[in-house]
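A.B. asks: Take this sequence and fold it.
(chains A and B)
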Amino acid sequence: MLAEPRLATTGADPLPAGSDRSPGRAEFACWLGDGILALAGWCADAPGADPGWDTDGLPDLAVRSIVFSRDEAGEGAIGFLAVATGVPALEAAVLDVGGRCALLDPTRIEVTDAESLAWFGLAAVGAEVRREAQSLMATTMGEAASGWPASRLAGELRRFRDAVRPRAPHCQIAVDVAQGLFIDAVHRLDDRSFYVRGWMRDASAEITGLAALSPEGLRVDLAGTLARFPRPDVEQFYGVPPEEQGRARSGFVVHVELPAPSVLAEGWVLELRNAAGVVVETAAPAVVDDPSLTRSVVLADLAHEAPGDDSLVRGHTSPALRKLGARQHWSGAIASVTQYGTPPTEPETSVIVPLFRRIDFVEHQLSHFVDDPDVVGADLVYVLDSPEMADELAGASAALHRLYGVPFRTVVLNRNLGFADANNAGVSVARGRLLLLLNSDVLPDRPGWLSTMTDFLDRTPKAGAVGPKLVYEDGSIQHAGMYFLRPEGSPLWENAHYYKGLHRSFPAAAQTRVVPAVTGACLLLAREMWDKVGGLSGAYVQGDYEDSDLCLRIGELGYDCWYLPAAELYHLEGQSYPTALRRLTSRFNTWLHTSLWDARIAELMAAPPPAAATRPRSPTRPRPRTKKDVT
Amino acid sequence: MPKVLYVVHNHPAVMPGGAETYALELYGAMRDSGRYDPILLARTGPPVSRTGRVHEGTLLEPAGGDPNQYFFHTDIADYDWFLSTSRNKDVYTKFYRDFLAAYRPEVVHFQHTLFLGYDILRETRRTLPDSAIVYTLHEYVPICHNNGQMFRTTGERCLAASPRRCHECFPAIPPQEFFLRERFIKSHLGVVDRFVSPSRFLADRYADWGIARDRITVEENGRPPLLAAPARGEEDDAGDGFRNRIGYFGQFTAFKGADVLLTAMKLLTERAAAHATLRLHGANIEHQPEDFQALFRSLLETAGDDVTLVGRYRPDELSALMRAVDWVVVPSIWWENAPLVIQEAFAHGRPVICSDIGGMAEKVTDGVDGLHFRAGDPRSLADTIERALATPGLWERLRAGIGEVHPLARHVTTLADLYDDVLAARSGSARERSARAG
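C.D. replies: Predicted structure coming up:
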């Protein structure tokens, strides 16, 4: 609702006679939104000049402004454009525009719309000024409340931008046109961050500039930050011979961060400039606002990172994924918590089991837990990370509780969160002093494993986390502690498992010891420790390094991760056949893990005892096998 | 106890071939001997087995519930058949290296490197610089690209490979490639401390090819003790007084000379001189080239009642099958090496009629424990069978001439001694090296 302009009523009329000859005055006003006022006018070209009238008693109105030469007003007058926020009504006031003084007189001002403000307030000014004007206006996007007020403001700004902005010729995509600029997509990451992918080429001169213009008029220079890569499809279109198609790097992606929010889907413009001064522009398609689609696109683009380089992942992939991840917190995803059976009184340990698709594992676990008093007395929490199976789980839970009588709770999520946040959600309802993170495809070998682990954690000084021996269905070792391995020639550390694939009876795997990390498939730690390190990190995509990340944070606080073979469970992890996208996801996770922990891991792996365990050592004479040999 | 790792290209639980069966027998006998603690690593996966690996992040899978026997999956290998190497070197430098580093065997004894690649020798030396590396030669694969048979694609036996001669066999592959192949394989074989050859003939071929003769120990594979099948009529009433039943045990392939044998039988039938009957034990005719299949089938169809196709058999059926025959024929037209079937025939007291070449001629002495005929010549084989059946007392004399089949227990002792020697020599030279350095 626009406020009615009205004259200030305080005191005598402060305005001198013949005030149209006064040194400065706002001529046009436009309400952009509630309390957001744009003003255009002129003042004398003499900073600090006496306004020539008595302004006593008139309030100052704080504005952000630009000033520009407006010679046609006579005697070297300058024009101004100003915006003020938190303005309740159009009242008489004095504006300070770039050290000059201008009067706002509600009786002598034309209240108009954004388009007219641009036409009349900025008549006949140059491109540079119009760009500044656009930017000044667009930054008010930060002032409006999100939702409807922001949309309304954005609409006004879009109209202002389109009236004021200098236009370059539209870029035609044709084989005989030297310049080519095309935007495949603009993806929204959050209210002010975007991920833009497209391609550009110029057969006539070097490209010296690429700028993006938001619908609201914020302009960002992208040329310095782009990640470039070959686009053989583009080269093919332009008739480049196949053997040369990989040479030009016409493709690009870029993570764009605006100084203020942008909410409009339509209206993005990109502009290319070359060394010869040629400028062309192209309109982008509507902004994609679908976080899961955007996540896939961003990860798939990692395929364009050249080997040995990490500028794409560092400058674009990682910030984009971080922002996508921050859009929705897991705490909003808990749809329901249901108790089956009588909850144990003061349970010592909470067992948190995320369920993804295979809810049939619940039945298998319960059929073993029922014979294990440790687990029956624990706070058992199943977290359903497959929302579409909520009804199925509810039915199965009731039936299985009737059969086994093992009390447990189910936490149903309203969307898929992935391993880390499903656990975080589960822990948020946990009641125990200790937490056992357990995968649904882990089955105990025999009862007693839980107290074996909890006793060990409680009686071992500085123990931060404990992991058991996990074996495959064929009796070979799946987990006997984890370490970090940097393949020759790679800057990135990968997680590796000690003695993986060897028989469960392999002597070295029978030794209780401190290891660099333990698997999250079955990991015990204190709730207090969990809170100290802040739970599992949601920064990784789909679960690769969350467990080692947790262990590294525990280690950073001076606590140890212990491998405890006295507790043995089965882990039915199968062979996976990763899709191309999954491999890229994994590449991202590996990069992120190393970028966070490189120094700490290097320090850990340089320490001889656990690190040297599976690496070759200096040769020795044959001798009887002793424990020393294999540890 | 020092450890010995046996690396073999297949596990008999997947497919019971000769080399892999022997490797498993050796593994068991070495364990029983108490000299070395054995570990078995058997390559597996397609095309030999139907299934690949099932676990992420490891190529290992325990075999047979034995904590020291493993399958080693090489599905990631991207195997290069020409060079016999895994293009994906992670097989060696990541997975095999981790396995070696975990067990740290003092001795690594390779039975076969097919599907594994020769680089596995190199990796062994790199990871365990002072280990003893022993390599048993099973046939001529390193020397000959034609399935290691030293049999030319033009149909003759070959005694010496060279880039030029190999190119003649495979005109599409330039001699330079064969030169590279030979150099590549020899560079890896260079890390081997001792080769074990089950026959002198085989050792000579490798010596001719350039492996120093003193690096090769001729030691026949040992056989586990068995209860010999009685001769016909000895313990039952199946005896008819004749020694006219001939047995063939082996694959039905052109190299094995099954067609030579069937042609000889046809000649004998035509001559009507001696009434020989033949029992064919074996399989895999369907995997042979079509023209050979057609030849074999037509010979079989026209052979009449004197030839019985018994077909595929399991190793544990051999004793029962031996009871029904008097002679064993080994008519291979390629050199052979030290054919298991000869040891088996001798273990059951059956004289052997074999081709007069290569490993067969070496293992069977003409007129002492068997008879030779001219390799690939059906008329010569027919003559020899006719003579065998028509000469009174010959069968008994040859049967009595069969010597002891090399026992596995003695074989294991020989190998353990050999491991000791190599380790002593290696530590001696290591001492010298460190003394020089000190």
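A.B. asks: Spatially nearest residue to residue A:227, not counting backbone neighbours?
C.D. replies: Using CB to CB, 6 or more residues apart in numbering or on different chains and skipping the chain neighbours, the partner closest in space to residue A:227 is residue A:312 (4.1 Å). Heads up, the C-betas are built off the backbone N, CA and C, glycines and all.
A.B. asks: burial of that neighbour, as a residue count?
C.D. replies: Using other CB atoms under 10 Å in any protein chain shown, residue A:312 is surrounded by 23 other residues.
A.B. asks: List the contacts of stretch A:62-82.
C.D. replies: Residues from elsewhere that reach stretch A:62-82 (CB atoms under 8 Å, 6 or more residues apart in numbering or on different chains): A:24, A:26, A:38-45, A:83-84, A:95-98, A:100, A:102, A:121-122, A:124-125, A:129, A:132-133, A:136-137, A:139.
A.B. asks: returning to what we had before: and the one helix or strand the residue nearest to residue A:227 maps to, what does it pack against?
C.D. replies: Using DSSP states H and E, residue A:312 maps to helix A:311-312. Counting contacts by 3 or more CB pairs under 8 Å, 6 or more residues apart in numbering or on different chains; DSSP states H and E, helix A:311-312 packs against strand A:227-229.
A.B. asks: May I ask you to confirm that residue A:419 is in contact with residue A:546?
C.D. replies: Yes. With contact defined as CB atoms under 8 Å, residue A:419 reaches residue A:546; the gap is 6.0 Å.
A.B. asks: Which neighbours do these two have in common?
C.D. replies: In contact with both residue A:419 and residue A:546: A:520, A:536, using CB under 8 Å, 6+ apart.
A.B. asks: okay, these two: which has more neighbours?
C.D. replies: residue A:546 (25 against 22).
A.B. asks: how much space between that one and chain B?
C.D. replies: Computed as CB to the nearest CB, to the nearest Å, the residue A:546 to chain B distance reads 17 Å.
A.B. asks: show me the contacts for that residue.
C.D. replies: A:419-420, A:520, A:536-537, A:540.
A.B. asks: Please identify which helix or strand holds the residue nearest to residue B:76 when sequence neighbours are not counted.
C.D. replies: Distance criterion CB to CB, 6+ apart; nearest residue to residue B:76, sequence neighbours excluded, is residue B:88 at 5.2 Å. Counting by DSSP H and E, there is no helix or strand that carries residue B:88.
A.B. asks: surely residue B:88 meets residue B:77?
C.D. replies: Yes. Using CB under 8 Å, residue B:88 is in contact with residue B:77, at 5.6 Å.
A.B. asks: And the helices in the stretch 251-400 of chain A, which stretches?
C.D. replies: A:291-300, A:311-312, A:318-327, A:361-369, A:373-376, A:390-404 (DSSP state H, counting those that start in this stretch).
A.B. asks: Work out the gap between the first one and the centre of the chain.
C.D. replies: So that's helix A:291-300. 11 Å (CA atoms, centre = their mean, to the nearest Å).
A.B. asks: ditto for the fifth one
C.D. replies: Offset of helix A:373-376 from its chain centre (CA atoms, centre = their mean): 40 Å.
A.B. asks: Please enumerate residues in contact with it?
C.D. replies: By CB under 8 Å, 6+ apart, the list of residues contacting helix A:373-376 reads A:344, A:349, A:351, A:369-370, A:406-407, A:447-451, A:454.
A.B. asks: From these, which shows the smallest pLDDT?
C.D. replies: On pLDDT alone, residue A:370 ranks lowest of the contacts of helix A:373-376, at 90.
A.B. asks: List the residues that contact that one.
C.D. replies: A:376, A:404-406.
A.B. asks: measure it to residue A:408 for me?
C.D. replies: 11 Å (CB to CB, to the nearest Å).
A.B. asks: Same check on residue A:461?
C.D. replies: Per CB to CB, residue A:461 is found 33 Å from residue A:408.
A.B. asks: higher neighbour count, the two?
C.D. replies: residue A:408 (27 against 6).
A.B. asks: Now the more buried one: closest residue in space that isn't a chain neighbour?
C.D. replies: residue A:380 (3.9 Å).
A.B. asks: tell me the contacts of that neighbour?
C.D. replies: Residues in contact with residue A:380 (CB under 8 Å, 6+ apart) are A:350-351, A:353, A:369, A:406-409.
A.B. asks: What's the ChimeraX line that selects buried ones from these?
C.D. replies: Applying 16 or more other CB atoms under 10 Å in any protein chain shown to the contacts of residue A:380 leaves a buried subset, and the ChimeraX line that selects it is:
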select /A:350,351,353,369,406,407,408,409
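A.B. asks: How is chain B divided into domains?
C.D. replies: Per the record, chain B has its domains at B:3-223+B:408-437, B:245-401, by automatic domain parsing.
A.B. asks: Show the average pLDDT along the longest one.
C.D. replies: Averaging the model's pLDDT scores along domain B:3-223+B:408-437 yields 93.
A.B. asks: gap between it and the chain center?
C.D. replies: 13 Å.
A.B. asks: do the same with stretch A:204-224
C.D. replies: 23 Å.
A.B. asks: What's the end-to-end length of it?
C.D. replies: 20 Å (CA to CA, to the nearest Å).
A.B. asks: Tell me the buried residues in it?
C.D. replies: Applying 16+ other CB under 10 Å to stretch A:204-224 flags A:207, A:210-220, A:222 as buried.
A.B. asks: would you list those residues in a markdown table and tack on distance to chain B and pLDDT?
C.D. replies: Formatted as a markdown table, the buried residues of stretch A:204-224 follow (distance: CB to the nearest CB, whole Å; pLDDT from 0 to 100):
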| residue | distance to chain B | pLDDT |
| --- | --- | --- |
| A:207 | 40 | 94 |
| A:210 | 41 | 96 |
| A:211 | 46 | 95 |
| A:212 | 42 | 96 |
| A:213 | 47 | 96 |
| A:214 | 45 | 96 |
| A:215 | 46 | 96 |
| A:216 | 48 | 95 |
| A:217 | 51 | 94 |
| A:218 | 46 | 94 |
| A:219 | 48 | 93 |
| A:220 | 43 | 94 |
| A:222 | 39 | 93 |
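A.B. asks: Out of these, name the ones that lie in strands.
C.D. replies: A:207, A:210-213, A:219-220 (DSSP state E).
A.B. asks: I'd like the residues you listed laid out as JSON lines, including distance to residue A:393.
C.D. replies: As requested, those are exported to JSON lines (distance: CB to CB, whole Å):
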{"residue": "A:207", "distance to residue A:393": "55"}
{"residue": "A:210", "distance to residue A:393": "50"}
{"residue": "A:211", "distance to residue A:393": "51"}
{"residue": "A:212", "distance to residue A:393": "46"}
{"residue": "A:213", "distance to residue A:393": "49"}
{"residue": "A:219", "distance to residue A:393": "51"}
{"residue": "A:220", "distance to residue A:393": "47"}
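A.B. asks: Of those, which is the nearest to residue A:249?
C.D. replies: Residue A:249 has its nearest neighbour among those in residue A:207, at 10.9 Å by CB to CB.
A.B. asks: Give me the mean pLDDT for the one helix or strand residue A:464 maps to.
C.D. replies: If you go by DSSP H and E, residue A:464 is part of strand A:463-471. Strand A:463-471 carries an average pLDDT of 97.
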